[in-house]
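**Q** sequence first, then the predicted structure:
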Amino acid sequence: MQMNRLFLAATLALSSISCHMTTSGYDFTAQGQQIDNHWNANSTVPRAVRFFTGYDSQRDGTYRDFQYARKQNIELTVRRHLLNHNPDNPNHAEVPSRYAARPRHSVLPNPLRYFHLESLIIGAALTPVTGGVLIPLPIDSLLGTFEKGGVAEFFGGDMGEDEVITASAIPASLDMGDDTVVGTVTQISK
C-alpha cells in the first residue's frame with residue numbers, strides 16, 4: 001500500500017512538472033546561467049538538475065544534445081564490452097553513424113533512439129511497482145522533449161516550410177560507399 005502511494009505521488013509530480021515544462025517551454029540553458037550563483041534562489045533548479053542528471057547547461061549545450069551524447073556513450077560501452085567491437089581500434093571496422101549529426105529528437109522513424117537502453121533499465125527497476133509489467137520510461141528523452149524547442153522538434157517543426165527531407169544512395173560502383181542511403185535536407189527555392 002505504501003509503495004502504491006509513493007508511485008502515485010511520483011507519477012503526479014512528474015506529470016505536473018511535464019505539463020508546466022510543456023506549456024512554458026522550459027529553457028534549461030537560460031536557467032543554467034545561475035548555476036554558480038548560490039545566493040540566488042534561481043540556482044536551485046539548475047543545481048538539482050546537475051545533481052540528478054549530470055547536465056550542466058554552461059558546458060553541455062542543449063539537453064537534447066547532452067542526452068544524445070550520453071546515449072552514444074552507452075552504445076559505445078555496450079559495443080565494446082558485450083559485442084567485443086571497439087571502433088577506436090584500427091583493426092576493427094568503423095561505425096559510420098558514430099560521427100553523424102544528431103538525428104531529429106522524435107520517436108519516429110527510429111523508436112530505439114528515443115527509448116534506448118536507459119528506459120528499459122528504469123522500467124525493469126520499476127516492475128515491482130507496476131505489478132510485474134515492464135513499462136519503458138525514457139526520462140532523458142522526455143526531459144529533452146519538454147525543453148524549449150523540443151516539442152516542435154519532436155513533431156518535425158524544426159524544418160522550415162521550404163525544406164523537405166530527401167534520401168539518395170551512393171552506388172557501390174563508386175569507391176565512396178556500398179549502396180548506403182544518405183538522408184539530406186533540401187531547401188527548395190522558387
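**A** Now that the structure is in, tell me what you want to look at.
**Q** so where's this structure shaky on pLDDT?
**A** Filtered on pLDDT under 70, the chain yields the residue ranges 1-33, 157-190.
**Q** now with 50?
**A** When the per-residue scores of the chain are filtered using pLDDT under 50, the ranges that remain are 23-24, 162, 190.
**Q** show me where it has helices.
**A** Assigned helices in the chain, in chain order: 2-24, 28-31, 44-53, 57-60, 63-81, 111-125, 139-146, 150-154 (criterion: DSSP state H).
**Q** by contact count, what packs against the last one?
**A** Put plainly, it is helix 150-154. In terms of contacts (3 or more Cβ pairs under 8 Å, 6 or more residues apart in numbering; DSSP states H and E), helix 150-154 is packed against helix 63-81, helix 139-146. (Each C-beta comes from the backbone N, C-alpha and C, glycine too.)
**Q** how about these, which one is nearest F155?
**A** With respect to F155, and counting by Cβ to Cβ, the nearest of these is helix 139-146 at 9.8 Å.
**Q** what's that closest one in contact with?
**A** With Cβ atoms under 8 Å, 6 or more residues apart in numbering as the test, helix 139-146 has contacts from 18, 21-22, 26, 53, 62-64, 66-68, 70-71, 105, 114-116, 118-119, 122, 150-151, 154.
**Q** now that helix: buried residues?
**A** Taking 16 or more other Cβ atoms under 10 Å as the neighbour-count basis, helix 139-146 is seen to contain the buried residues 140-146.
**Q** deepest in the core, which of the helices and strands packed on helix 150-154 is it.
**A** Taking mean count of other Cβ atoms under 10 Å as the contact definition, the stretch among those with the greatest mean neighbour count is helix 139-146, which reaches a mean of 21.
**Q** could you measure from the nearest residue to I74 once chain neighbours are set aside over to R59?
**A** Nearest in space to I74, with sequence neighbours left out and distances taken as Cβ to Cβ, 6 or more residues apart in numbering, is L117 at 5.7 Å. Using Cβ to Cβ, to the nearest Å, L117 is found at 24 Å from R59.
**Q** V78 too?
**A** Look at V78 and R59: by Cβ to Cβ, they are 25 Å apart.
**Q** with P46 instead?
**A** For P46, the distance to R59 equals 12 Å [Cβ to Cβ].
**Q** and if you look at G123?
**A** 29 Å.
**Q** try L143
**A** Relative to R59, L143 is positioned 17 Å away (Cβ to Cβ).
**Q** L120 too?
**A** Spatial separation of L120 from R59 under the definition Cβ to Cβ is 28 Å.
**Q** of those two, who's got more company?
**A** L120 (14 against 10; other Cβ atoms under 10 Å).
**Q** show me what contacts the more buried one?
**A** With contacts taken as Cβ under 8 Å, 6+ apart, L120 has the following neighbours: 134, 136.
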